[in-house]
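Participant: With the input below, show me the fold.
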Amino acid sequence: MSKKNKVPEVDIVVDEQAGVIREVKPEKTRSKKGHERRVNTSIYVILVIMSIIWLAPFVFLVFQSFRSYALESGGMVDYLLPKHWSLDNYRFLFDGSNFFPWCGKALITCGIAAIGQCALLTLAQKKLSNMDSSDKKGRLVWLLCTLAVGLVVFLALAAAVQGMAFAGNVGKICIVVALYLIVGYIMARMFTKQDDRLLRQIPGYVADEDSSPLKKLLSLCLEFLAMDLILLCIVSPMVTSQYLRWYGNTLTIALFVAVLQTIIVLSVSYTLSRLRFKGRKLIMNVVLVLGLFPGFLTMITLYFLLKQLGMTGAGAVPGLILIYVASSGMGYYISKGFFDTIPKSLDESARIDGATRFQVFLKIIMPLAKPIVIYTILMAFMGPWGDYVFASYVAFGNVPNYNVAVGLYQWVNVNDYQGYFTRFCAGGVLVAVPITALFLALQKYYVEGVTGGAVKG
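Facilitator: Numbers count the residues shown, from 1 in each chain. Got it, this is the predicted structure:
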């Protein structure tokens, strides 16, 4: 049949009242796939536009950080791309510091210390394998003595190579010793007990049960190296540059808060999720009501309390850690919701087999709660990283104890705005890069933690 002679498709409708038969063209039906394609395209376009709007300030910040303050106007300009590309702003941030020589010495120091610590731990493992497994106290004492010797090796190397005097850092040394023994004990437990399921749940541990002994040793050495570098940053006045000093303060606060706040939040969440005791509902309701009030309402009270404890001004760093950690248990909502999704039958089975509450929490619940653990660590780290309000009034004009946010604000507020704007942009880029990389690396667990903890409260 030719194209002209094709009969169009029609529907026949009988109108009984008028006594006629009518031909009605059928309505065009929409394709379901075509409709979904149009909807998805619209959503993608909206998301792309929102992403561009969200990324525009960061892109502007990056470009302005490469604009030379010596050859161009240092303040804000009406063009995006710099006319003279330069690293002047980044050189200024590191100007007058011994940062790069310190980095070289730190890698040598911590590398040698990590190798020595792994050797000591390997010897301890052989000793522990020959000891009676029922002698838990003797095994623990032997392991802690080994870790203490490793700490002495690390501090001696740091003092010799870095030329550091620890006499004025008694408080920091006590904190470092406590952190080293706790983290070292956990690492030693993982290394000496390869069948522990927690081994595969620790981020950064590259070896597994099927790995060769050499790979396990290398993995342990890398973890000791990372831990030694962090501890060295805490006890070492490594730089004279103001910006790097502020950066070190911010990193120290964020690391301590991430560890302590995670422990507190997960403990409170597990307790309220699994245990039933008198006053549980009252505690949850009171915490919910108190959470409705913003934290800065207590600023004046907190300041006078910290002042009485000597944690303002020169003691701003421990003061800020105390502020961020003190009320962290009130943020248990998402973690508790995640724990509620884990079947309680697992707890009951373990309890029947003789496990304690702590063993159930550590060896059964925590391996299953990896997303919420990483989510809690990420949130705890990001909180103090960009805080300005509490950090500004606790430091209260003591410049060496500023964090990055307060220090950068002082550059553009008190100092020459035209000269410091591009340096402010460079400092902002260095602050944004690590937290952005951390978020992208842990985004999968972040989403799982949020969605898992939001389904049940």
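
Participant: Now L81: phi and psi?
Facilitator: Phi and psi for L81, reported as degrees, to the nearest 10, are phi -80, psi 130.

Participant: just the CA coordinates of stretch 251-264, formatted as CSV?
Facilitator: Backbone C-alpha positions of stretch 251-264 (Å, rounded to 0.1, in the frame of the first residue of the first chain) are rendered in CSV as follows:
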residue,chain,number,x,y,z
LEU,A,251,45.0,19.6,63.0
THR,A,252,45.9,18.8,66.6
ILE,A,253,42.4,19.8,67.8
ALA,A,254,40.6,18.0,65.0
LEU,A,255,42.6,14.7,65.5
PHE,A,256,42.0,14.7,69.3
VAL,A,257,38.3,15.5,68.9
ALA,A,258,37.8,12.9,66.2
VAL,A,259,39.1,10.1,68.4
LEU,A,260,37.5,11.2,71.7
GLN,A,261,34.2,12.3,70.3
THR,A,262,33.8,9.0,68.3
ILE,A,263,34.4,6.9,71.4
ILE,A,264,31.9,8.9,73.4
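
Participant: mind giving me the domain ranges of the chain?
Facilitator: Domains of the chain are assigned by automatic domain parsing as 32-91, 98-238, 260-457.

Participant: which stretch among these comes nearest R245?
Facilitator: R245 lies closest, by CB to CB, to one member of the domains of the chain: domain 260-457, at 5.8 Å. Heads up, the C-betas are built off the backbone N, CA and C, glycines and all.

Participant: what's the average pLDDT for the closest one?
Facilitator: Averaging pLDDT along domain 260-457 yields 81.

Participant: Go through stretch 392-402 and flag the buried ones.
Facilitator: S392, Y393, V394, A395, N401, Y402 (16 or more other CB atoms under 10 Å).

Participant: now do stretch 320-340
Facilitator: Under the neighbour-count criterion of 16+ other CB under 10 Å, stretch 320-340 has 320-325, 328-340 buried.

Participant: List the buried residues for the host helix or strand of P57?
Facilitator: Take DSSP states H and E as the rule and P57 turns out to sit in helix 32-65. By neighbour count with 16+ other CB under 10 Å, helix 32-65 contains the buried residues L61, V62, F63, Q64, S65.

Participant: Kindly report the same for stretch 146-154.
Facilitator: Buried residues in stretch 146-154, defined by neighbour count with 16+ other CB under 10 Å: T146, L147, G150, L151, V153, F154.

Participant: how far away is the closest residue to the last one other than its chain neighbours from A156?
Facilitator: In this case it means F154. Spatial nearest neighbour of F154, excluding adjacent residues (CB to CB, 6 or more residues apart in numbering): A113 at 4.1 Å. The gap separating A113 from A156 is 9 Å, by CB to CB, to the nearest Å.

Participant: Alpha carbons of stretch 60-80, as PDB, please.
Facilitator: C-alpha atoms of stretch 60-80 as PDB (Å, rounded to 0.1, in the frame of the first residue of the first chain):
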ATOM      1  CA  PHE A  60      37.300  31.500  42.300                       C
ATOM      2  CA  LEU A  61      39.300  30.900  45.500                       C
ATOM      3  CA  VAL A  62      41.800  28.600  43.700                       C
ATOM      4  CA  PHE A  63      42.300  31.000  40.800                       C
ATOM      5  CA  GLN A  64      42.800  34.000  43.100                       C
ATOM      6  CA  SER A  65      45.400  32.100  45.100                       C
ATOM      7  CA  PHE A  66      47.600  32.000  42.100                       C
ATOM      8  CA  ARG A  67      47.400  35.800  41.500                       C
ATOM      9  CA  SER A  68      50.600  37.600  42.400                       C
ATOM     10  CA  TYR A  69      50.000  40.200  45.100                       C
ATOM     11  CA  ALA A  70      53.300  41.900  44.000                       C
ATOM     12  CA  LEU A  71      52.300  42.400  40.300                       C
ATOM     13  CA  GLU A  72      48.500  42.900  40.600                       C
ATOM     14  CA  SER A  73      46.100  44.400  43.000                       C
ATOM     15  CA  GLY A  74      45.900  42.300  46.100                       C
ATOM     16  CA  GLY A  75      42.200  42.900  46.700                       C
ATOM     17  CA  MET A  76      39.100  41.600  44.900                       C
ATOM     18  CA  VAL A  77      39.100  42.100  41.100                       C
ATOM     19  CA  ASP A  78      36.400  41.900  38.400                       C
ATOM     20  CA  TYR A  79      38.100  39.100  36.500                       C
ATOM     21  CA  LEU A  80      38.500  35.400  37.200                       C
END
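
Participant: average pLDDT across that stretch?
Facilitator: For stretch 60-80, the per-residue pLDDT averages 80.

Participant: hang on, the earlier thing: the more surrounded of A113 and A156?
Facilitator: A113 (26 against 12; other CB atoms under 10 Å).

Participant: in the helix or strand hosting the more buried one, what's buried?
Facilitator: Assigned by DSSP H and E, A113 belongs to helix 99-130. For helix 99-130, the neighbour count (16+ other CB under 10 Å) marks 102, 105-106, 109-114, 116-118, 120-122, 124, 128 as buried.

Participant: What of stretch 287-302?
Facilitator: The neighbour-count check on stretch 287-302 (16+ other CB under 10 Å) flags V287, L302 as buried.

Participant: For that stretch, measure first residue to last.
Facilitator: By CA to CA, to the nearest Å, the extent of stretch 287-302 from end to end equals 19 Å.

Participant: Show me the contact partners of stretch 59-70.
Facilitator: The contact list for stretch 59-70 (CB atoms under 8 Å, 6 or more residues apart in numbering) reads 77, 80-90, 92, 419, 421-423, 425-426, 428-429, 432.

Participant: Out of these, name the ones that lie in helices.
Facilitator: Judged by DSSP state H, the contacts of stretch 59-70 include 88-90, 92, 419, 421-423, 425-426, 428-429, 432 as members of helices.

Participant: Which members of those are the farthest-apart pair?
Facilitator: Greatest spatial distance among these (CB to CB): G419 and A432, at 22.0 Å.

Participant: To which secondary structure element is the residue nearest the centre of the chain assigned?
Facilitator: Nearest residue to the geometric centre of the chain (CA atoms, centre = their mean): L378, 3.0 Å. Per DSSP H and E, L378 falls inside helix 370-385.

Participant: Now the element after that helix, going C-ward?
Facilitator: The element immediately downstream of helix 370-385 (helix or strand, assigned by DSSP H and E) is helix 389-395.

Participant: Other residues contacting that next one?
Facilitator: 295-296, 299, 302-303, 306, 311-313, 316, 319-320, 323-324, 384, 401-403, 405-406, 409.

Participant: next one: stretch 51-62 to chain centre, how far?
Facilitator: Remark: stretch 51-62 is offset 22 Å from the chain centroid, using CA atoms, centre = their mean, to the nearest Å.

Participant: ok, now which ones touch L320?
Facilitator: By CB under 8 Å, 6+ apart, the contact list for L320 reads I253, P384, D387, F390, A391, V394, N403.

Participant: For the residues you listed, give me a markdown table that also has distance to I283.
Facilitator: Shown next, in a markdown table, are the contacts of L320 (distance: CB to CB, whole Å):
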| residue | distance to I283 |
| --- | --- |
| I253 | 28 |
| P384 | 26 |
| D387 | 27 |
| F390 | 25 |
| A391 | 30 |
| V394 | 29 |
| N403 | 32 |
